[in-house]
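Participant: Provided below are the primary sequence and the corresponding predicted coordinates.
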Amino acid sequence: MFGSIITIGAMIGAITSGRIADFLGRKGAMRISAIFCIIGWLAVYFSTEAWLLDIGRFCTGYGIGIFSYVVPVFIAEIAPKNLRGGLATLNQLMIVCGASTAYLLGTVVTWRTLALTGLLPCILILVGLFFIPESPRWLAKVGLCKEFELALRKLRGADADVSQEASEIQASIDSMQDLPKVGVLDLFEARYMRPLIVGVGLMVFQQFGGINGIGFYSSETFVAAGFSSGKIGTIAYAIIQVPITMVGAVLMDKSGRRPLLMVSASGTFIGCILTGASFYLKGQALLLEWVPILAVSGVLVFVAAFSIGMGAVPWVIMSEIFPIHVKGVAGSLVVLVNWLGAWAVSYTFNFLMSWSSTGTFSIYAGVCAMTVVFVAKVVPETKGKTLEEIQASFNS
């Protein structure tokens with residue numbers, strides 16, 4: 001239960017993230033997120049009873065839920081089209097760097113000290129936000145035309161000619177001014193249905209491929225496969241994410257989103273098959289010397305494959321495909337689905353492993369195989385297009 005509290009907080013954060021980002025701006029939403037995370041980490045550090053730990057986890061989860069929506073959206077709205085994918089992937093790179101650092105620190109420091117380290121990035125964000133401009137697209141949306149042009153010029157450089165980009169953004173915003181306010185039910189209209197299917201579908205496949213179960217319980221998985229301790233496998237898990245995610249960031253604007261997704265999903269399928277096979281051999285008392293090797297290889301192949309595409313690309317595409325007047329509502333729904341999936345997988349993983357370890361990884365393998373088909377048939381390529389071009393293509 002304790003492990004799932006953070007995802008419950010993140011789900012509530014996801015529900016409110018779009019409205020907060022639309023009302024307070026992208027920077028305002030990030031400030032709110034950082035404050036909640038600071039409160040959460042302090043509650044964990046000073047906790048003397050279980051309920052305070054729960055409150056700390058919940059507050060941290062709420063802040064993360066908002067961050068998970070607003071950061072990809074902010075990056076997508078400020079980045080030039082030829083760098084947008086790579087810059088958006090840097091968000092995932094920083095996430096895995098933080099997670100890997102936490103994994104490694106957790107092997108040598110107490111949990112209270114580890115909670116204190118969580119304060120540092122939150123404080124850096126609060127300070128750093130004073131030195132970066134607001135999203136030009138959000139400024140244009142709320143009618144702050146002068147600030148919109150100043151922000152765009154600051155982002156592109158003092159000597160850059162931003163007149164064409166500014167006019168394209170303004171024309172797109174103007175075309176939406178007379179559209180009615182959009183609610184959740186309006187997202188199921190025909191004009192929004194395709195991007196909604198793409199966004200929600202990618203998040204469903206990302207989570208139900210098993211990443212949170214495998215990640216949260218990696219050490220237990222290694223022990224169950226026959227290791228005396230899961231520490232070595234956990235350290236390898238933490239280390240492998242960072243360089244592979246860096247490769248994904250480099251390839252994002254070169255190979256495109258779709259190839260990365262299909263290669264990544266194929267790799268996670270192979271990782272699940274290898275891990276499932278290790279548990280099958282263990283259960284049948286066959287080739288027992290191969291069981292630990294297959295288990296570690298499978299988990300590490302899964303993590304490496306996930307890190308190169310399925311970890312970052314769904315968030316990149318989510319930030320690109322929705323028009324700005326529905327981005328708050330649609331983005332909140334997509335992020336909610338992601339965190340709901342994360343909670344469901346982390347909550348059910350131990351139950352499934354108790355039922356059948358081989359069956360658990362077979363289910364995840366099936367989801368990974370379906371991901372390849374979904375991407376091939378449904379997901380569009382967004383590389384090299386402006387946000388306005390991407391969103392117009394859904395209506396063509």
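Facilitator: Arrived safely.
Participant: how far is the helix or strand where Phe148 lies from where the chain is centred?
Facilitator: Using DSSP states H and E, Phe148 falls within helix 145-156. Chain-centre distance of helix 145-156: 28 Å, with C-alpha atoms, centre = their mean, to the nearest Å.
Participant: again with stretch 283-295
Facilitator: 33 Å.
Participant: Which of the helices and strands in the chain ranks last by mean pLDDT?
Facilitator: helix 218-224 (a mean of 66; mean pLDDT, DSSP states H and E).
Participant: now for the very next helix or strand once past that helix, which elements pack on it?
Facilitator: Sequence order places helix 231-255 as the next helix or strand after helix 218-224, per DSSP H and E. Packing contacts for helix 231-255, counted by 3 or more C-beta pairs under 8 Å, 6 or more residues apart in numbering; DSSP states H and E, involve helix 84-106, helix 218-224, helix 257-284, helix 291-305, helix 313-321. Using the backbone N, CA and C atoms, a C-beta is placed for each residue, glycine as well.
Participant: Might you list the low-confidence residue ranges for the stretch 151-300 of the chain?
Facilitator: The model of the stretch 151-300 of the chain has pLDDT under 70 over residues 177-180, 216-234.
Participant: Which positions in stretch 94-113 come out as buried?
Facilitator: Ile95, Val96, Cys97, Ser100, Tyr103, Gly106 (16 or more other C-beta atoms under 10 Å).
Participant: Which single one of those is nearest to Ile6?
Facilitator: Closest approach to Ile6 among the buried residues of stretch 94-113 (C-beta to C-beta): Ile95, at 13.9 Å.
Participant: any idea how far Pro72 is from that closest one?
Facilitator: Counting by C-beta to C-beta, to the nearest Å, the separation of Ile95 from Pro72 is 11 Å.
Participant: now swap in Ala330 and tell me
Facilitator: From Ala330 to Pro72 the distance is 13 Å (C-beta to C-beta).
Participant: What residues does the residue nearest the centre of the chain make contact with?
Facilitator: The centre of the chain sits closest to Trp315, judged by C-alpha atoms, centre = their mean, with a distance of 5.4 Å. Going by C-beta atoms under 8 Å, 6 or more residues apart in numbering, Trp315 touches Ser68, Pro72, Ala88, Asn91, Gln92.
Participant: Could you identify the most distant pair in the residues you listed?
Facilitator: So, the contacts of Trp315 by C-beta to C-beta: farthest apart are Ser68 and Ala88, at 12.6 Å.
Participant: out of those two, which sits in the busier spot?
Facilitator: Per other C-beta atoms under 10 Å, whichever of Ser68 and Ala88 has more neighbours is Ala88, with 27 against 23.
Participant: OK, contacts around the closest residue in space to that one that isn't next to it in sequence?
Facilitator: In this structure, Ala88 finds its nearest non-sequential neighbour in Val316, 4.3 Å apart by C-beta to C-beta, 6 or more residues apart in numbering. Going by C-beta under 8 Å, 6+ apart, Val316 touches Pro72, Ala76, Arg84, Gly85, Ala88, Thr89, Met252, Arg257, Thr382.
Participant: Let me know the pLDDT of the second one.
Facilitator: Going back to what we said before, that points to Ala76. The per-residue pLDDT reported for Ala76 equals 87.
Participant: That one contacts Arg84, correct?
Facilitator: Yes - with contacts defined as C-beta atoms under 8 Å, Ala76 counts as touching Arg84 at a distance of 5.8 Å.
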